[in-house]
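[1] Quick check, what structure comes out for this input:
(one chain, ligands or ions: 1)
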Amino acid sequence: MSDLAIRSLSKTFGGVRAVNEVSFDIKRGEFLALIGPNGAGKSTCFNMINGQLPPDSGEILFEGAKLNGKKPRDIWRLGIGRTFQVAATFNSMTVIENVQMALISHANQVYRLWKPASSLHRERALELLAQVGMQDAADRPSRELAYGDVKRVELAIALANDPRLLLMDEPTAGMAPKERNDLIALVKRLVIEKGISVLFTEHSMDVVFAFADRIIVLARGRLIADGDAKSIRDNPQVREVYFGTGKTFQKSGAH
Ligand SMILES: Nc1ncnc2c1ncn2[C@@H]1O[C@H](COP(=O)(O)OP(=O)(O)OP(=O)(O)O)[C@@H](O)[C@H]1O
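    As a prediction, the model looks like this:
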C-alpha cells in the first residue's frame, strides 16, 4: 500500500487553477521531490496535504484513510510531520529546550499528560539532536545558531513527533549550495534509517537529481512528469518548461 495517495486534486483561486487534477503516490520509505517553476502549484499542493487549505475536489489518502476535511493538528497527529518556520519562542530557549518542548507537546497529544519539568525528555531530545548532528550544541542559546544549524534543529523538532511521512516545503530556502547539499543528504540518511517517507520541494536541481528517489514535476497546476532523475532530465516537456522560463538544470540553486 502506498503511504500517501493523491487523487485528482484540484484547487482554484479566482480564475487561477493553481492545482489541476493532480494525482501521485508516495510509497513507504520513499524520498520524493516535487519540483516546478514559480507558481506551478507546489505550495498549494503541500497546503492541501497538510490540511491548511481545503481542496476543491479530489482525494488525499494516508495509509488508506481519507485526510480531506481534517484539521492540520489532526493530520499531524496521524503521523504526518512537517518542518515549520521556527516558533516565535525559538530564540528565547536553548537548543535542547526547543526539542524538549516538541517532545512534551507530542506526549501531551498522544498520552494526554502534561508534566512541566525542564529535565523531561532530555535523553530523547539528545538522541534526536545526535541524529541531526547537533548534540554538541544542545545547551547553547538557539539565537546563536547559524542558519543551517537552525534548519537541523527544525528537523529534530519535526522528528520529535515520530512522523511516518514528513512534508518539507523548501527546506533549504536561503541556504548556500554546500549547506543545501548537507541538509538534504542528512534527510536522505534519516529516510533510510527510519524508513519514513518524505515529500519535499527544492529549487536546486543538483540536489534533487543527486538525492531524490523519484521526482514529480508540476507546471501551471498540472503534473507533467513522474519518474527517476534520468527520465526527468531527459523529458522534453520538463526541459521546455524550465528552458522556457530561462532556467536550466545545470546551475546549482537555479530558481
Ligand atoms: N491564496 C492565494 N490566493 C490567490 N492565488 C493564489 C493563492 N495561493 C497561490 N495562488 C496562485 O496559485 C498559483 C500556484 O501558486 P503556488 O504558490 O502553489 O506555486 P509554487 O509552485 O509553490 O510557487 P513558488 O515556487 O513560487 O513558491 C499561482 O498562480 C499563485 O499566484
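
[2] got the domain boundaries for this structure?
    In the assignment given by automatic domain parsing, the structural domains of the chain cover 25-54+71-79+163-255, 85-161.

[3] Among those domains, which comes closest to the ligand?
    domain 25-54+71-79+163-255 (3.3 Å; C-beta to the nearest ligand atom). (Glycine included, C-beta is placed from N, CA and C.)

[4] Pull the distance from that closest one to the chain's centre.
    In this view, domain 25-54+71-79+163-255 has its centroid 8 Å away from the chain centroid, taken as C-alpha atoms, centre = their mean, to the nearest Å.

[5] Would you mind checking the average pLDDT for that domain?
    Confidence for domain 25-54+71-79+163-255, expressed as mean pLDDT, is 89.

[6] picking that back up, for my notes, please list the domains of the chain in JSON lines and give mean neighbour count for each entry.
    Supplementary listing: the domains of the chain in JSON lines, determined by neighbours: other C-beta atoms under 10 Å:
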{"stretch": "domain 25-54+71-79+163-255", "mean neighbour count": "18"}
{"stretch": "domain 85-161", "mean neighbour count": "17"}
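
[7] Throw these into TSV and include distance to the ligand, thanks.
    Shown next, in TSV, are the domains of the chain (distance: least, C-beta to the nearest ligand atom, whole Å):
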stretch	distance to the ligand
domain 25-54+71-79+163-255	3
domain 85-161	14
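
[8] what are the ranges of the helices in the stretch 1-150 of the chain?
    With DSSP state H, counting those that start in this stretch, the ranges of helices along the stretch 1-150 of the chain come out as 42-49, 72-77, 95-111, 122-131, 147-159.

[9] Mean pLDDT lowest where, among the ones you listed?
    When the helices of the stretch 1-150 of the chain are compared on mean pLDDT, helix 95-111 scores lowest, with a mean of 81.

[10] relative to helix 122-131, how tilted is it?
    Between helix 95-111 and helix 122-131, the angle formed by their directions is 120 degrees, by axes from the mean of the first three to the mean of the last three C-alpha atoms, to 10 degrees.

[11] For the residue positioned nearest the centre of the chain, which non-adjacent residue is spatially closest?
    Central residue of the chain (C-alpha atoms, centre = their mean): residue 168, 1.3 Å from the mean position. Using C-beta to C-beta, 6 or more residues apart in numbering and skipping the chain neighbours, the partner closest in space to residue 168 is residue 200 (4.0 Å).

[12] go on, residue 26?
    Once flanking residues are discounted, residue 26 sits nearest to residue 4: 4.3 Å by C-beta to C-beta, 6+ apart.
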